[in-house]
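# test case, fold it:
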Amino acid sequence: MKTLYLDLPMGAAGDMLSAALYELLSDEEKKAFLEEINKAGIPGVTVNAEKSVKCGITGTHFKVLIEGEEEESHDAHEHEHHHHEEENCHEHEHSHDHEHEHHHDEEHCHEHDHHHDHEHGHHHHHHSSMAEIEGIINSLKIPDSVKKDIIEVYKLIAAAESNAHGVPVTDIHFHEVGTMDAIADITSVCLLMNKIGAAKICASAVNVGSGHVHCAHGILPVPAPATAFILKEVPLYSGHITEELCTPTGAALLKHFVSSFGNMPQLKITDIGYGMGKKDFEAANCVRAILGEGDEELEQILEYTCNLDDISAERIAFAMEQLFAAGAIEAYTIPVTMKKSRPGNLLCVMCRESDKDKILQTIFKHTTTLGVRENISRRYFLDRSIETVNTEFGDIRIKRAEGYGVKREKYEYEDLAAIARKTGLSIDEINNRLLRR
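Alright, predicted model coming up:
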């Protein structure tokens with residue numbers, strides 16, 4: 001299974017993600033991609049890929065030019081460029097030969113130096129609504145599936161800004177200067193994801209940075225409100241770097257494409273890409289994209305166990321029911337003798353990493369345990385499928401399993417039981433007649 005793993009020790013921004021993915025392409029594919037993105041029709045935008053070195057590691061930096069000039073605010077415009085109408089009225093009634101009053105050098109720390117002098121008299125303070133953004137995206141010369149991904153990413157950003165500002169999504173507007181820049185970043189990532197075609201996309205926990213950022217609304221904590229909203233239910237942490245490391249654009253791209261967050265799965269690596277930010281830190285300021293082949297017959301799962309000696313059988317049964325509803329792959333109990341020779345039960349629950357929090361909450365909520373033990377296991381399994389076949393008893397599901405030189409099949413028990421109740425035959429009699437068909 002082609003698997004893409006994103007390593008995010010320095011957070012994520014749109015240009016860093018796109019540069020890391022770009023490095024996974026062959027030289028011929030890189031040339032074709034740059035030609036395609038630059039002919040896509042993003043108004044006034046040119047995208048260049050340039051070599052960049054951070055802490056001795058060589059990678060790629062994506063430079064987005066708007067009308068031939070690089071926008072230093074590049075990826076993370078969301079904090080000050082998504083306003084509702086009332087904010088627009090008082091924040092932009094001035095000339096544009098100042099430092100944009102948004103303190104970009106402190107706010108968008110991640111990949112840019114942000115000396116945002118902005119003597120761009122040709123840029124007007126027009127603000128695009130979500131509908132206008134969709135119009136721009138739908139006009140691009142790219143596959144429809146990529147357009148759909150871009151719009152879904154923008155919807156995540158708009159919903160986050162709506163929540164942060166307390167206004168409807170329809171009142172969220174995107175600043176013109178930042179809009180084309182962000183569209184270029186998001187389009188690049190979505191187009192590259194489409195070209196790479198990974199069957200599974202996973203990522204590490206996200207380093208969001210720490211400290212505060214300055215924006216048009218004042219001083220905000222890191223992660224900024226929009227970023228924090230987008231990354232709900234995603235594992236985050238703050239390192240010692242007092243900068244904003246994950247931007248709303250980066251957060252939205254991760255939320256849209258990544259199916260699970262955690263340790264890197266077992267992979268046979270085929271390619272590695274480094275997408276570089278512009279700023280220099282003591283750690284390499286990059287996103288690392290790792291492409292490889294995962295073992296389709298191998299799955300990493302978590303096992304949770306706890307001892308129970310003061311819970312009734314009825315409560316254990318109810319807890320098991322709730323655990324399966326929360327996503328448990330398997331749950332069972334084993335009779336054990338506990339300390340002081342008390343009889344009890346060992347509860348064992350298996351789940352996927354993505355269901356970890358729900359499973360732990362369920363165990364603590366519905367059992368009497370005071371602690372849970374965790375083990376990471378590798379699960380090998382046969383490829384399984386279910387087919388419905390027509391028989392003398394009507395349609396019956398048949399389960400098939402294959403792998404490791406083994407083939408197995410059996411009729412679905414619930415279907416056999418339903419026929420037995422209806423006909424008065426035993427399950428063995430029904431099964432034997434079906435095997436002779």
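# neighbours of residue 203, just the number please.
When counting by other CB atoms under 10 Å, one arrives at 23 neighbours for residue 203. Where C-beta positions appear, they are placed from N, C-alpha and C, glycine not excepted.
# center of the protein, which residue is that?
residue 258 (2.8 Å; CA atoms, centre = their mean).
# mean confidence for stretch 337-345?
Averaged across stretch 337-345, the pLDDT comes to 90.
# same check on stretch 43-59?
90.
# and that stretch, what's buried?
Buried residues in stretch 43-59, counted by 16 or more other CB atoms under 10 Å: 45, 46, 47, 49, 52, 54, 59.
# ok, now stretch 183-202?
183-193, 195-196, 198, 201-202.
# can you check stretch 392-409 too?
393, 396, 398.
# ok, so of these, who is nearest residue 149?
Of all the buried residues of stretch 392-409, residue 149 sits closest to residue 398, with 37.4 Å by CB to CB.
# look up how far residue 274 lies from residue 419.
Per CB to CB, to the nearest Å, residue 419 is found 60 Å from residue 274.
# what's the answer for residue 323, then?
Using CB to CB, residue 323 is found at 41 Å from residue 274.
# who has more neighbours, the two?
The residue with more neighbours, out of residue 323 and residue 274, is residue 323; 25 against 22, by other CB under 10 Å.
# in the sheet, who's paired with residue 206?
residue 236 (DSSP bridges).
# show me what contacts it?
Contact partners of residue 206, counting by CB atoms under 8 Å, 6 or more residues apart in numbering, are 8, 11, 12, 231, 234, 235, 236, 237, 246, 251, 254, 261.
# buried subset of the residues you listed?
Burial by neighbour count, judged by 16+ other CB under 10 Å, picks out 8, 11, 12, 231, 234, 236, 246, 251, 254, 261 from the contacts of residue 206.
# give me the three-state assignment for the fifth one.
This means residue 234. Taken by DSSP: H, G, I helix; E, B strand; the rest coil, the conformation at residue 234 corresponds to coil.
# excluding chain neighbours, give the residue nearest to it in space.
residue 261 (5.7 Å; CB to CB, 6 or more residues apart in numbering).
# residue 9 too?
What sits nearest to residue 9 in space, not counting adjacent residues and going by CB to CB, 6+ apart, is residue 207, at 5.6 Å.
# contacting residues for that neighbour?
Applying CB under 8 Å, 6+ apart, the residues contacting residue 207 are 8, 9, 10, 11, 236, 237, 238, 239, 241, 245, 246.
# go with 7 Å
By CB atoms under 7 Å, 6 or more residues apart in numbering, residue 207 lies in contact with 8, 9, 10, 11, 237, 239, 245.
# same check, this time on residue 209
11, 222, 238, 241, 243, 244, 245, 246.
# now which of those would you call buried?
Once neighbours are counted (16+ other CB under 10 Å), the buried part of the contacts of residue 209 comes down to 11, 222, 241, 243, 244, 245, 246.
# so which two of those are the farthest from each other?
Distance extremes for the buried ones among the contacts of residue 209: the farthest pair is 241 and 246 at 11.5 Å, using CB to CB.
# ok, back up a step: residues contacting the residue nearest to residue 234?
202, 203, 204, 205, 234, 235.
# now do residue 229
Residue 229 neighbours (CB under 7 Å, 6+ apart): 160, 163, 164.
# many thanks, I have nothing further to ask.
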